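Engineer: structure for the following, please:
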Amino acid sequence: AVMFGCFVVWSGCIVVQLVRGMPEGLPTVTDIDSAMAGLGVPITQLEQVAAPFGGALRLRADGQDGARYRIEAAGRDSRDTQVLVKASRWLVYKDSGPRFSFNRLEQFEHQAYIQLLAAAHKVRVPAVVTVGVAGRGTALFVTRDPELTAIAELSGESCTDGVLDAAWTEIHRMHATRIAHGALTTDAVQCGTKGDVWLTGFEVASGAASGDRIRRDQAEFLVSSALTVGPDRALSAAHKSLGTEGLERVLPFIQPAAMAPTTRRKLRGEKHLLKDLINQAVTLTGGAEPQLEQLKRINPATLLMAIGTVVAVYALMLQIGNPEEMWNEIKNAQWVFVVLAGIATLSTNITYAVALVGSVPPGRIKYGVTSLLELATSFANVAVPGGVGTTVFVVRYLHRMGLESQPVSPQWSRPMLRRALCRSRSF
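Structural biologist: Residues are numbered from 1 along each chain as shown. Alright, predicted model coming up:
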């Protein structure tokens, strides 16, 4: 019990270290100051603009040449946090995000490449100054710091329709280059002093992006702008930029799973916003209500099924007998006969699949998938005896394959059908 308690405390400390970071994993002001001088960008003043999280610092600096710089500094803890985030996203979501590198400097270089690529295609992004290394393995990413205000911080009157149109124009240019931002919120889309719109915050951006990632960007900004200026104006601006067909392709991604963490937190106080946004968009486009895209690898139903499987296996082991005795039997088993018995057991499912494939028009169903179906019905019969589970599985499978049920001839009574089904399953 004492050892187990120590293990729990140690595990908790490791999790806290990964999530919150440690002082030794954060770069110091002296390290950043000396590193900037070594990179040829001497500075006179540093100002922290964001609280450190996971080893990453965001600062503003005044250069000796009078220019303003934005500095992102990432230490050891930032790498550890990125590993944890990447692993959790891979486990939960089908798309785990952009390419990941254990070397934080390589990630900054990738971010610099994305911003340079965007700038080369006339997208307004902060100019990249340099990427380098500070003391104790800290990586630095330095950009120019134009005087900008996030759209999220503008009032409803200040965020005019012209600003929204300009934002969608910049987003369209970025996506035309196949760049997906990954967190395209109204915090990342910022407005200059002359009303010009800039895109910032390319930490999780990816190049050569798929259509789904681009549509997630568009859905993200649509929802985020709706939180700022209201659904009507946000939808109007999106429809003007994307068109009817483009907006319809975005609707399946208007769901919490497609949003950035900051947007999901804001949606907690606006529980009906997403549904209202979809309904208004359907009315605007005149199309049908969309079916949401399946973005998560694990959903509550899958999790409950996994837990139920573990409980069922444990209950089955208790029915079999002492687990230690069963393990001894497994160690002393003749594996040649075990393999042969497994093949013989699976062969019955293959023969059932052959019979089912032969009973429908040629080419309508495949042998491989049908064999997996027959294997699943073996477990269904354990839970629902009497062949009922098999019947439900097979009928549903045939319907999904596009085969419709045919009426039964009157000369076949229910008892006759039941006996025929039982004989076919006991063959």
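Engineer: and stretch 222-232, average pLDDT?
Structural biologist: Taken as a whole, stretch 222-232 has an average pLDDT of 93.
Engineer: list the buried residues for it?
Structural biologist: Under the neighbour-count criterion of 16 or more other C-beta atoms under 10 Å, stretch 222-232 has 222-229, 231 buried. (Each C-beta comes from the backbone N, C-alpha and C, glycine too.)
Engineer: same deal with stretch 276-287?
Structural biologist: 277-278, 280-282, 284-285.
Engineer: filter those down to the ones in helices?
Structural biologist: Those of the buried residues of stretch 276-287 mapping onto helices are 277-278, 280-282, 284-285, per DSSP state H.
Engineer: would you list those in a markdown table and tack on pLDDT and distance to Val133?
Structural biologist: Shown next, in a markdown table, are those (pLDDT from 0 to 100; distance: C-beta to C-beta, whole Å):
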| residue | pLDDT | distance to Val133 |
| --- | --- | --- |
| Leu277 | 93 | 44 |
| Ile278 | 93 | 47 |
| Gln280 | 93 | 50 |
| Ala281 | 93 | 47 |
| Val282 | 93 | 51 |
| Leu284 | 91 | 51 |
| Thr285 | 90 | 50 |
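Engineer: phi and psi next, for the closest residue in space to Ala257 that isn't next to it in sequence.
Structural biologist: Leaving out its chain neighbours, the residue that sits closest to Ala257 by C-beta to C-beta, 6 or more residues apart in numbering is Leu295, at 4.3 Å. Main-chain torsions, Leu295, degrees, to the nearest 10: phi -100, psi -30.
Engineer: ok but Asn178 is inside a strand, no?
Structural biologist: Quick fix: residue 178 reads Arg, not Asn. No - assigned with DSSP: H, G, I helix; E, B strand; the rest coil, Arg178 falls outside any strand and is coil.
Engineer: ok, residues contacting stretch 238-245?
Structural biologist: Residues outside stretch 238-245 that contact it (C-beta atoms under 8 Å, 6 or more residues apart in numbering) are 165, 168-169, 171-172, 218, 221-222, 225, 247, 250, 281, 284-287.
Engineer: one step back: take the buried residues of stretch 222-232 and keep only those in helices.
Structural biologist: 222-229, 231.
Engineer: so how far is Glu170 from Ala188?
Structural biologist: Going from Ala188 to Glu170 by C-beta to C-beta, to the nearest Å gives 11 Å.
Engineer: overlap in contacts, these two.
Structural biologist: With C-beta under 8 Å, 6+ apart as the test, Ala188 and Glu170 both reach Leu199.
Engineer: those two - which one has more neighbours?
Structural biologist: Ala188 (24 against 19; other C-beta atoms under 10 Å).
Engineer: so where do the strands sit in the chain?
Structural biologist: 43-53, 56-63, 68-74, 128-133, 139-144, 148-150, 189-192, 197-199 (DSSP state E).
Engineer: packing partners for the last one?
Structural biologist: I take that to be strand 197-199. helix 161-176, strand 189-192 (3 or more C-beta pairs under 8 Å, 6 or more residues apart in numbering; DSSP states H and E).
Engineer: of the ones you listed, which stretch is the most buried?
Structural biologist: strand 189-192 (a mean of 22; mean count of other C-beta atoms under 10 Å).
Engineer: can you name the residues in contact with that strand?
Structural biologist: 146-151, 154, 159, 163, 167, 170-171, 197-200, 221.
Engineer: now find how far off-centre that strand is within its chain.
Structural biologist: Its chain's C-alpha centre and that of strand 189-192 lie 27 Å apart, by C-alpha atoms, centre = their mean, to the nearest Å.
Engineer: per-residue confidence averaged over it?
Structural biologist: pLDDT averaged over strand 189-192 gives 93.
Engineer: mind saving the C-alpha coords of it as CSV?
Structural biologist: Output in CSV follows, covering the C-alpha atoms of strand 189-192 (Å, rounded to 0.1, in the frame of the first residue of the first chain):
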residue,chain,number,x,y,z
VAL,A,189,-6.8,37.6,-36.9
GLN,A,190,-5.8,41.1,-36.0
CYS,A,191,-6.5,44.6,-37.3
GLY,A,192,-3.9,47.3,-37.9
